[in-house]
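Asks: Return a 3D structure for these sequence lines:
(2 chains)
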Amino acid sequence: MQILEGEKVTKYFGGLAAVSNVDFYVGQGEVVGLIGPNGAGKTTLFNLISASLVPKPGVIKFKGKNITGKKPHKICRMGIARTFQTVKIFTNMPVLQNVLAGSFFGTSPGMSSADAAREASESLEFVGLSDMAALPARDLTLANQKRLEVARAMATRPELLLLDELMAGLNATEITEGMELVKKIRDKGITIVMIEHVMKAIMNVCDRIIVLHHGEKIAEGTPQEIATSKKVIEVYLGE
Amino acid sequence: MNITRFTSKGFLIPGLISLVILIALVTLPFYGSLYNVIMVTSILMYIILTVSWVLFSGPTGYMSLATAAFFGIGIYASAIFLPNTGAILPLLVVVVIGGLVSSLVALGVGALTLRLRGIYFAIFTFGLVVLILELGNWWEHTVTHTRGRFVMLVDNDVIFYIMLAIFVLLMLTTYLIRRSKFGLAMRSIGENEEAAAHIGVNVTMVKVITFAISAFFMGAAGVIWATKLTYVDPYVAFNPLFSFMPVLMAIFGGMGQIYGPVIGAVIFAYLQEKLQTEFPYYYMLIFGFVLVAAILYLPDGLIGLIQKLWRLIRRWRKGGAAKQDANT
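Replies: As a prediction, the model looks like this:
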């Protein structure tokens, strides 16, 4: 079954087509990588899926239902969670409260305080931040702030998780740990779409890769197919 | 770890202090002079405006300058339903009406403007004050052919008790909201609105509803304040000063804790009262100096200063005890 489908998804910023006529699908349980040079429209596509932006024209379907034009909080409660390219945690709140906000508001139907608190602790445990629950979120390292964002997203009990450059700015050890985390999330049965520039990570964890360039989808396939695709190499390295 | 519930220890002492203050206030007309009752009434009015301003603007970070508009709507409701020729409706009913009308206006304005952020929202809300002021002027001139209106006289003790009741209700509301899921939603909006929306917070609804709740208390306070003014015209009712005072008082007191704005408003209002009577010509100047000093040297407000002092004292006492141990 296709958990996410996009038909002719397009978004103009003024005269610039940030995303243009992109058809895509994501299968249940898949890990899909979204790559492309800077400005290719990857994050815009994420914003369209998570309803920060509305495609015009175009249709986005989640579990067969048309979700185009719904509000972000509704999308989240339906089961799509996301993280951000530039970390957007609640810096002045304790770590646990960041996650608690996710389990309180992001689940549908809502949870009791006790359930939300339990869910939040479990999410923190899952990403390995339990020891830091009481710290203000601003005191975490970048890698841990990214983990916190994942925990907050996981606390909303998503079926589909959008990860926007989880590995950017991390060192080699942290990237390995990040890849482990992505695999752990997949093993929970959560479908993942990830934007990534770290090729090692993309090649290792993705089942399928979609390549965007100037807002258009130029290639799609398994990591091997993409790595050997002439078109993709041209886009990245020039002719 | 349980963060959503308070521990009995952390609750007992503030609870007791609140109770003592409340009893002192309730019995004030029996032992205080008339002057004191009137002064405390106006201090309470400033506390209500400040705390209800902080209720919305504190956690969400949206700086509203519409306080004077909501306060003024209450004042005008009072002038319309409680004219000096005889009350059309009972006083308490008018207090509720004033609050509700302000809330309704806040709902409408909020739904339209809360997508604006930062300075744009501040300017728009201030524009609202001017707009309603001018509308009121136009109405008085062309429709009713009056300049202003007289409001009926109400006993000072009654004014005091109604103001006190609004204050208590407001403190309870603020306390409950801060403790609730709703308070967490507001703080997350203030921290990062986009992230809040993407983890399922209905940001528009949370903002509009809180804006309306805070407007209710401003409007209700306006109704009872008008009976103290006795004469009302649009310039009196929609005085822009009432938009800025709550902001200054909140900054002065410090917004992090629930009692910060209260202490800020108490000291500020008292200072204003005293300076105005003692130095009628220089009071604005002195006031200005106090403000500038507060903003320069008290970034976290008075509460921040008190907390800093408290930490110092504790460290000093700990240090003293350690020295004693070493000596024996």
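
Asks: any weak-confidence spans in the chain?
Replies: Went with chain A since none was named. Low-confidence segments of chain A (pLDDT under 70): A:239.

Asks: wait, chain B
Replies: Across chain B (using pLDDT under 70), the flagged ranges come out as B:1-10, B:319-328.

Asks: so where do the strands sit in it?
Replies: For chain B, the strands defined by DSSP state E cover B:149-150, B:231-232.

Asks: and the first one, which strands flank it?
Replies: Looking at strand B:149-150 with DSSP bridges, its paired strands and their directions are strand B:231-232 (antiparallel).

Asks: Return the residues in contact with residue 186.
Replies: Going with chain A. A:29, A:31, A:192, A:205 (C-beta atoms under 8 Å, 6 or more residues apart in numbering or on different chains). The way it works is simple: take the backbone N, C-alpha and C, and place the C-beta from them, glycine included.

Asks: Wait, chain B was what I had in mind.
Replies: Contacts of B:Met186 (C-beta under 8 Å, 6+ apart): B:59-60, B:177, B:206-207, B:210.

Asks: Could you work out the most separated pair of the residues you listed?
Replies: Farthest pair in these (C-beta to C-beta) is B:Ile177 and B:Lys207. Separation: 13.1 Å.

Asks: And the nearest residue to B:Ser42 once chain neighbours are set aside, how far from chain A?
Replies: Excluding the flanking residues, the one nearest B:Ser42 by C-beta to C-beta, 6 or more residues apart in numbering or on different chains is B:Ala269, at 6.3 Å. Counting by C-beta to the nearest C-beta, to the nearest Å, the separation of B:Ala269 from chain A is 29 Å.

Asks: Go ahead and confirm B:Ala269 touches B:Ile48.
Replies: No: counting by C-beta atoms under 8 Å, B:Ala269 does not reach B:Ile48; the two are 10.9 Å apart.

Asks: and the two? which has more neighbours close in?
Replies: Between B:Ala269 and B:Ile48, B:Ile48 has the larger neighbour count (other C-beta atoms under 10 Å in any protein chain shown), namely 27 against 22.

Asks: and B:Ile177 and B:Lys207? which has more neighbours close in?
Replies: B:Lys207 (23 against 19).

Asks: what residues are up against the more buried one?
Replies: Going by C-beta under 8 Å, 6+ apart, the list of residues near B:Lys207 reads B:56, B:60, B:62, B:110, B:114, B:186, B:189.

Asks: Can you report how many residues lie near A:Pro37?
Replies: When neighbours are counted by other C-beta under 10 Å, A:Pro37 registers 13.

Asks: ah, wrong one, I meant B:Val96
Replies: Count around B:Val96 with other C-beta under 10 Å applied: 16.

Asks: what's near enough to touch it?
Replies: B:Ala220.

Asks: now it: how far from B:Leu176?
Replies: B:Val96 sits at a distance of 19 Å from B:Leu176 (criterion: C-beta to C-beta, to the nearest Å).

Asks: Centre of the chain to the host helix or strand of A:Ile60, how far?
Replies: In this structure, A:Ile60 sits in strand A:59-62 according to DSSP states H and E. Averaging C-alpha positions (C-alpha atoms, centre = their mean, to the nearest Å) puts strand A:59-62 16 Å from its chain's average.

Asks: And the contacts of it?
Replies: A:2-9, A:48-49, A:66-68, A:75, A:78-80, A:160.

Asks: Which among those residues count as buried?
Replies: By neighbour count, with 16 or more other C-beta atoms under 10 Å in any protein chain shown, the contacts of strand A:59-62 hold A:3-7, A:9, A:48-49, A:67-68, A:75, A:78-80, A:160 as buried.

Asks: So which residues of chain A form helices?
Replies: In chain A, the helices defined using DSSP state H lie at A:42-49, A:72-78, A:95-105, A:113-127, A:142-154, A:172-187, A:199-205, A:223-228, A:230-237.

Asks: most packed of those helices?
Replies: helix A:95-105 (a mean of 28; mean count of other C-beta atoms under 10 Å in any protein chain shown).

Asks: what angle do it and helix A:142-154 make?
Replies: Between helix A:95-105 and helix A:142-154, the angle comes out at 20 degrees (axes from the mean of the first three to the mean of the last three C-alpha atoms, to 10 degrees).

Asks: Show me what helix A:95-105 is packed up against.
Replies: Counting contacts by 3 or more C-beta pairs under 8 Å, 6 or more residues apart in numbering or on different chains; DSSP states H and E, helix A:95-105 packs against helix A:113-127, helix A:142-154, helix B:181-191.

Asks: again, only using 10 Å
Replies: helix A:72-78, helix A:113-127, helix A:142-154, helix B:181-191, helix B:193-198 (3 or more C-beta pairs under 10 Å, 6 or more residues apart in numbering or on different chains; DSSP states H and E).

Asks: Distance check, B:Leu285 against chain A.
Replies: 36 Å.

Asks: now the residue nearest the centre of chain A: how far from chain B?
Replies: For chain A, the residue nearest the mean C-alpha position is A:Leu162 (1.6 Å; C-alpha atoms, centre = their mean). Using C-beta to the nearest C-beta, A:Leu162 is found at 9 Å from chain B.

Asks: is it true that that residue touches A:Ile80?
Replies: Yes: with contacts counted by C-beta atoms under 10 Å, A:Leu162 reaches A:Ile80, the gap being 6.9 Å.

Asks: Which members of the contacts of strand A:59-62 are positioned in strands?
Replies: Going by DSSP E, the strands hold A:2-9, A:66, A:80, A:160 from the contacts of strand A:59-62.

Asks: So which bits of the strand holding A:Ile60 are buried?
Replies: By 16+ other C-beta under 10 Å, the buried positions in strand A:59-62 come out as A:60-62.

Asks: Who does it pair with, and is each partner parallel or antiparallel?
Replies: With DSSP bridges as the test, strand A:59-62 pairs up with strand A:2-13 (antiparallel), strand A:65-66 (antiparallel).

Asks: Which one of these lies nearest to A:Thr86?
Replies: So among the strands paired with strand A:59-62, strand A:2-13 is nearest, using C-beta to C-beta, at 18.6 Å.

Asks: Report the distance from the closest one to the chain centre.
Replies: For strand A:2-13 - counting by C-alpha atoms, centre = their mean - the centre lies 15 Å from the chain centre.

Asks: Quick check: A:Glu119 vs chain B, distance?
Replies: A:Glu119 is 12 Å from chain B, by C-beta to the nearest C-beta.

Asks: Isn't that residue up against A:Gly110?
Replies: No: A:Glu119 is beyond contact range of A:Gly110, at 11.3 Å (criterion: C-beta under 10 Å).

Asks: Can you name the residues of the stretch 101-250 of chain B sitting close to chain A?
Replies: By C-beta under 10 Å from any C-beta of the partner chain, the residues of the stretch 101-250 of chain B that approach chain A are B:180-181, B:184-185, B:187-206.

Asks: Against chain A, how distant is the nearest residue to B:Ile303 once chain neighbours are set aside?
Replies: Sequence neighbours aside, B:Gly254 is the residue nearest to B:Ile303 in space, at 3.5 Å (criterion: C-beta to C-beta, 6+ apart). Applying C-beta to the nearest C-beta, the value for B:Gly254 to chain A is 15 Å.

Asks: and what of B:Phe160?
Replies: 38 Å.

Asks: I'd like to know how many residues surround that residue.
Replies: 23.

Asks: and A:Glu234, how far is that from chain B?
Replies: Distance from A:Glu234 to chain B, by C-beta to the nearest C-beta: 35 Å.

Asks: and that residue, what does it touch?
Replies: A:Glu234 makes contacts with A:213, A:218, as judged by C-beta atoms under 10 Å, 6 or more residues apart in numbering or on different chains.
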